[in-house]
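*Asks:* Fold the following for me, if possible:
(chains A and B)
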Amino acid sequence: MATAGKVIKCKAAVAWEAGKPLTMEEVEVAPPQAMEVRVKILFTSLCHTDVYFWEAKGQIPMFPRIFGHEAGGIVESVGEGVTDVAPGDHVLPVFTGECKECPHCKSAESNMCDLLRINTDRGVMIGDGKSRFSIGGKPIYHFVGTSTFSEYTVMHVGCVAKINPEAPLDKVCVLSCGISTGLGASINVAKPPKGSTVAIFGLGAVGLAAAEGARIAGASRIIGVDLNAVRFEEARKFGCTEFVNPKDHTKPVQQVLADMTNGGVDRSVECTGNVNAMIQAFECVHDGWGVAVLVGVPHKDAEFKTHPMNFLNERTLKGTFFGNFKPRTDLPNVVEMYMKKELEVEKFITHSVPFSEINTAFDLMAKGEGIRCIIRMDN
Amino acid sequence: MATAGKVIKCKAAVAWEAGKPLSMEEVEDAPPQAMEVRDKILYTALCHTDVYFWEANGQTPVFPRILGHEAGGIVESVGEGVTELVPGDHVLPVFTGECKECAHCMSEESNLCDLLRINVDRGVMIDDGQSRFTIDGKPIFHFLGTSTFSEYTVIHVGCVAKIDPEAPLDKVCLLSCGISTGLGATLNVTKPKKGMTVAIFGLGAVGLAAMEGARMSGASRIIGVDLNPAKHEQAKKFGCTDFVNPKDHTKPVQEVIVEMTDGGVNRAVECTGNADAMISAFECVHDGWGVAHKEAVFKTHPMNFLNERTLRGTFFGNYKPRTGLPGVVDMYMRKELELDKFITHSLPFSQINTAFDLMLRGEGLRCVIRSEE
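*Replies:* Below is the predicted model:
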């Protein structure tokens, strides 16, 4: 391409300060260095993690910064040493990586790459410690190695999954973070047997994706648990068959679920990050065979407490990160699940706005409206 | 047999009071009722659980009682409806059962039978709520449905595993409790792969059995953790390659192990029941397991789970008593599993109290008690 090796000037939504609306700026995007790729982003969407680090409460602030990590795009150019992807490839950027060389990448059980594991504090490229974004020569920080709120962005090749070029990027872009996280928690970690009963704690995008995973796995009862009853109608589309609002009960919710299911659910998936919900999700699984999976990220000082007898009664507690998917190896297959119509993605997309209206997506999320808002880079 | 259907008079070691030496008595053992079998016990061993309920600290006392649950014997007679066992079968009594009909027994993953799951408070048979043991017409309570400190004992058929009659009962009797618990924790639950690193917390009989399981699985590094340095030498026979005494370190033991292993062990098995050890075991690994005290609370930062560690508990090594135990006996017969090294003492039945003394002093691993002198 004509732009390869050159600085690209393009539009990006820059966060100058914590919690302040993003502003559209012309930024300069340097060419990709060794083991990096530059990607033209076509569609991106907003995820809670963006909002969390944009609000930056209790964090060491890192601004100005370009957020965004759930996206789909096309490779514009590649740096030295990149052989896995070429200009024109359709890709999903991923907030965590897969170097393919460390013990984690070599283990069949882990996706927590030593080199490229998510790092929310790093605002620069891992290769040279510098930013590829600048305005008037001043660096603008990256976010989780992806910064997809820009028409062009530079990423480490280990954080880029090459996918089927037939897949519609305006749909599969949501697979680069939340949907895969919830889906994988169910199908890779909880692995509900056909006909089993699954409880999903928290019916946001990740929880609904976990319900979708339980539906795909053939669970016969999927019990959604949420404090907000408004979510229940929507959740039916994702396979939820029953609902429990802990506020409607005086008994602890684990007891309510055990009573509904003759002793406990077969699997549970916790997607809220609230430590009490984590304990409930563990204690509501059936003794003898129940498996609880933790997805939601807890507060720094949270403490998981339970009586150890709950483990001795043959309950299992597992945690997962990004649904145990390896970004480069596994994500292309998740896209294929969508292409084969096993996985439904459209129902997660409730809104769509042009890039110029990206702040509307923040407003929608702050109001708790909808599930995913797609941001179209070409308006 | 000539005794079938009749009361058998035999010797039993009766615990009349908490913590007092057992006394040899002649007891009357009633015939087995429906779904029960009467076994002649040939060998029994002493396990911590016997001592725990004999001491009865903080418990509702159930005395007089015949303790004992780790044993091997031969079926003397069977009650109505028993079709799986016949007189003469070699069996291991088990402190927990398998009815083969409840949701747990039907599940491949569970061994927590709804009907016959361990019940430490029940001192009678489950069907009629009566004891089969009496002395002068007064009932003597059962223990865990097994009461193997008696020459004859009546057990629910669901708590009896039929095993290979070629297997030496003086060795495989150990498989009816502690050894299978530790072994199964490793083989059935943590499932280490060849070449992996495994940590074992607590090097008593159960911990060493867990270690034996790691050795059999081909673990290349087996780290034993115990507060007692004397345990190290013995553990070497069970495949222990590294020994860590938490007292020798100022850092938390999970950090010590993480440093020794470049990031953590692949599997850990916690066999002490100490909640802090459970937390250490969990935080130094991928996979954990533990036995707990009643008041214990397991606390950890949930991020430890989100980093893709798994914590699992197990009961009786996830073996189903009737379905799974015969296979463990066969592992011994094939010489994959070594049992002789667990047996450090052997005593005639008349000296059963010496076995209690040995255990209270922490001497040896298993003391086998022979019903024949």
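*Asks:* Can you verify my assumption that A:Val295 contacts A:Gly213?
*Replies:* No - between A:Val295 and A:Gly213 there is no contact under Cβ atoms under 8 Å: 10.9 Å. (C-beta placed from N, C-alpha, C; glycine too.)
*Asks:* Please enumerate the shared neighbours of these two.
*Replies:* Common contacts of A:Val295 and A:Gly213 (Cβ atoms under 8 Å, 6 or more residues apart in numbering or on different chains): A:Gly182, A:Ala185.
*Asks:* Point out the residues in chain A that sit beside chain B.
*Replies:* Residues of chain A lying near chain B by Cβ under 8 Å from any Cβ of the partner chain: A:103, A:109-112, A:262-263, A:275, A:278, A:287-289, A:294-295, A:297-298, A:302-321, A:324.
*Asks:* residue contacts, A:Glu303?
*Replies:* A:Glu303 touches A:Val275, B:Lys299, B:Thr300, B:His301, B:Pro302, counting by Cβ under 8 Å, 6+ apart.
*Asks:* actually B:Leu85, sorry about that
*Replies:* Contacts of B:Leu85 by Cβ under 8 Å, 6+ apart are B:Val37, B:Val75, B:Val78, B:Val91, B:Val157, B:Val160, B:Lys162.
*Asks:* one step back: what subset of the residues of chain A next to chain B is buried?
*Replies:* A:110-112, A:275, A:278, A:287-289, A:294-295, A:297-298, A:302, A:304, A:306-321, A:324 (16 or more other Cβ atoms under 10 Å in any protein chain shown).
*Asks:* show me where pLDDT drops low in the stretch 151-300 of chain B?
*Replies:* B:286-297 (pLDDT under 70).
*Asks:* picking up where we left off before, so which of the buried ones among the residues of chain A next to chain B are in strands?
*Replies:* A:Leu294, A:Phe304, A:Thr306, A:Thr316, A:Leu317, A:Lys318, A:Gly319 (DSSP state E).
*Asks:* So the fifth one sits against B:Glu308, correct?
*Replies:* No - under the criterion of Cβ under 8 Å, A:Leu317 is not in contact with B:Glu308, lying 11.8 Å apart.
*Asks:* Break the chain into its domains for me.
*Replies:* All of this refers to chain A. Split into domains by the TED database, chain A comes to A:8-21+A:52-78+A:87-176+A:345-376, A:180-321.
*Asks:* my question was about chain B
*Replies:* Split by the TED database, chain B gives B:8-178+B:317-370, B:190-313.
*Asks:* Start and end of the shortest one, how far apart?
*Replies:* Domain B:190-313 stretches 10 Å from its first residue to its last (Cα to Cα, to the nearest Å).
*Asks:* and if you look at the longest one?
*Replies:* Domain B:8-178+B:317-370 has its terminal residues 19 Å apart, counting by Cα to Cα.
*Asks:* Tell me which of the domains of chain A approaches B:Ile200 most closely.
*Replies:* domain A:180-321 (17.0 Å; Cβ to Cβ).
*Asks:* could you dump the domains of chain A to a markdown table with mean pLDDT?
*Replies:* Listed next are those as a markdown table, based on pLDDT from 0 to 100:
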| stretch | mean pLDDT |
| --- | --- |
| domain A:8-21+A:52-78+A:87-176+A:345-376 | 96 |
| domain A:180-321 | 94 |
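*Asks:* most packed of these?
*Replies:* Mean neighbour count (mean count of other Cβ atoms under 10 Å in any protein chain shown) peaks for domain A:180-321 among the domains of chain A, with a mean of 22.
*Asks:* Can you pull the phi and psi angles for the closest residue to chain A within the stretch 101-250 of chain B?
*Replies:* The nearest approach of the stretch 101-250 of chain B to chain A comes at B:Ser110, 2.7 Å away (Cβ to the nearest Cβ). When quoted as degrees, to the nearest 10, the phi and psi of B:Ser110 stand at phi -110, psi 150.
*Asks:* Give me the distance between the nearest residue to it once chain neighbours are set aside and B:Val206.
*Replies:* Take B:Ser110 and drop its neighbours on the chain: the residue closest to it by Cβ to Cβ, 6 or more residues apart in numbering or on different chains is A:Gly288, 2.7 Å away. Distance, A:Gly288 to B:Val206, by Cβ to Cβ, to the nearest Å: 21 Å.
*Asks:* can you check B:Val75 too?
*Replies:* Counting by Cβ to Cβ - B:Val75 and B:Val206 are separated by 28 Å.
*Asks:* cool, A:Val353 as well?
*Replies:* Counting by Cβ to Cβ, the separation of A:Val353 from B:Val206 is 61 Å.
*Asks:* now swap in A:Thr181 and tell me
*Replies:* For A:Thr181 relative to B:Val206 (Cβ to Cβ), the value is 38 Å.
*Asks:* from what I can see A:Leu92 touches A:Val174, true?
*Replies:* No - counting by Cβ under 8 Å, A:Leu92 does not reach A:Val174; the two are 9.5 Å apart.
*Asks:* which ones are touching A:Arg65?
*Replies:* A:Arg65 sits next to A:Val14, A:Ala15, A:Phe53, A:Gly123, A:Ile140, A:Tyr141, A:His142, A:Phe143, A:Ser147 when contact means Cβ under 8 Å, 6+ apart.
*Asks:* Which residue, other than its chain neighbours, is closest to it?
*Replies:* A:Tyr141 (4.2 Å).
*Asks:* tell me, how many neighbours does B:Arg122 end up with?
*Replies:* 15 (other Cβ atoms under 10 Å in any protein chain shown).
*Asks:* That one and B:Gly145 touch, don't they?
*Replies:* Yes - counting by Cβ under 8 Å, B:Arg122 sits close enough to B:Gly145 to count as a contact (7.4 Å).
*Asks:* would you list every one of the helices in the stretch 151-300 of chain B?
*Replies:* Using DSSP state H, counting those that start in this stretch, the helices found in the stretch 151-300 of chain B span residues B:169-172, B:178-184, B:205-217, B:231-236, B:253-260, B:275-283.
*Asks:* I'd like these laid out as a markdown table, including distance to chain A and mean neighbour count.
*Replies:* Output for the helices of the stretch 151-300 of chain B, formatted as a markdown table (distance: least, Cβ to the nearest Cβ, whole Å; neighbours: other Cβ atoms under 10 Å in any protein chain shown):
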| stretch | distance to chain A | mean neighbour count |
| --- | --- | --- |
| helix B:169-172 | 25 | 20 |
| helix B:178-184 | 11 | 27 |
| helix B:205-217 | 13 | 27 |
| helix B:231-236 | 23 | 16 |
| helix B:253-260 | 14 | 19 |
| helix B:275-283 | 6 | 23 |
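*Asks:* Could I get the contacting residues of B:His90?
*Replies:* B:His90 sits in contact with B:Gly72, B:Gly73, B:Ile74, B:Lys162, B:Ile163, B:Asp164, B:Pro165, B:Ala167, B:Leu169, where contact means Cβ under 8 Å, 6+ apart.
*Asks:* burial measure for the second one, as a count.
*Replies:* Counted with other Cβ under 10 Å, the burial measure for B:Gly73 works out to 28 neighbours.
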